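> Coordinates for the following, if possible.
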Amino acid sequence: RISVTGPHLWFPHARAMKRRVILHVGPTNSGKTYRAVEALRQANRGVYCAPLRLLAWQVSNDLGCSLITGQEVNEVGSGLTACTVEMANVAEVFDVAVV
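Predicted structure coming up:
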């Protein structure tokens, strides 16, 4: 049973990982998504977590990578995955994760 009073305890393995976090902020059309997807393109193992199915589909088409949503699963074995946020595999280790 998970306690909602201790979210810092929910993912001990993920919290113990040594990670580098990059925050992209800027105005509309300033290249935030472009730069993030380019970093993902260079990774051996990566995931793009989209808030909408259509955005995941678009990135999947652009990268030629796996697509996982609540409605469809199309795995291509490229090491990269575009998915909706709720379908992200939180147990997998990635070189790059774009959220």
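
> My read is that L40 contacts V99, right?
No. Contact criterion CB atoms under 8 Å: L40 and V99 do not qualify, at 11.1 Å. Every C-beta, even on glycine, is put in place using the N, C-alpha and C of the backbone.

> okay, the two: which has more neighbours?
Applying other CB atoms under 10 Å to L40 and V99 shows that L40 carries more neighbours, namely 23 against 10.

> so the more buried one is in which element?
helix 32-41 (DSSP states H and E).

> Mind listing residues that contact the helix or strand just after that helix?
Moving toward the C-terminus from helix 32-41, the next helix or strand (DSSP H and E) is strand 46-50. Residues external to strand 46-50 that are found in contact with it (CB atoms under 8 Å, 6 or more residues apart in numbering): 36-37, 40, 56, 59, 63, 65, 79-85, 88-89, 92, 94-99.

> related to what we said a few turns ago, and for the helix holding L40, what's in contact with it?
22, 24-26, 46-48, 59, 62-63, 80, 96, 98.

> Go through those residues and flag which are in strands.
Using DSSP state E, the members of the contacts of helix 32-41 that fall within strands are G46, V47, Y48, L80, V96, V98.

> which residues touch the last one?
V98 is in contact with A36, V37, A39, L40, G46, V47, Y48, C49, counting by CB under 8 Å, 6+ apart.

> Just give the closest residue to the fifth one, not the sequence neighbours.
In other words, G46. V96 (4.0 Å; CB to CB, 6 or more residues apart in numbering).
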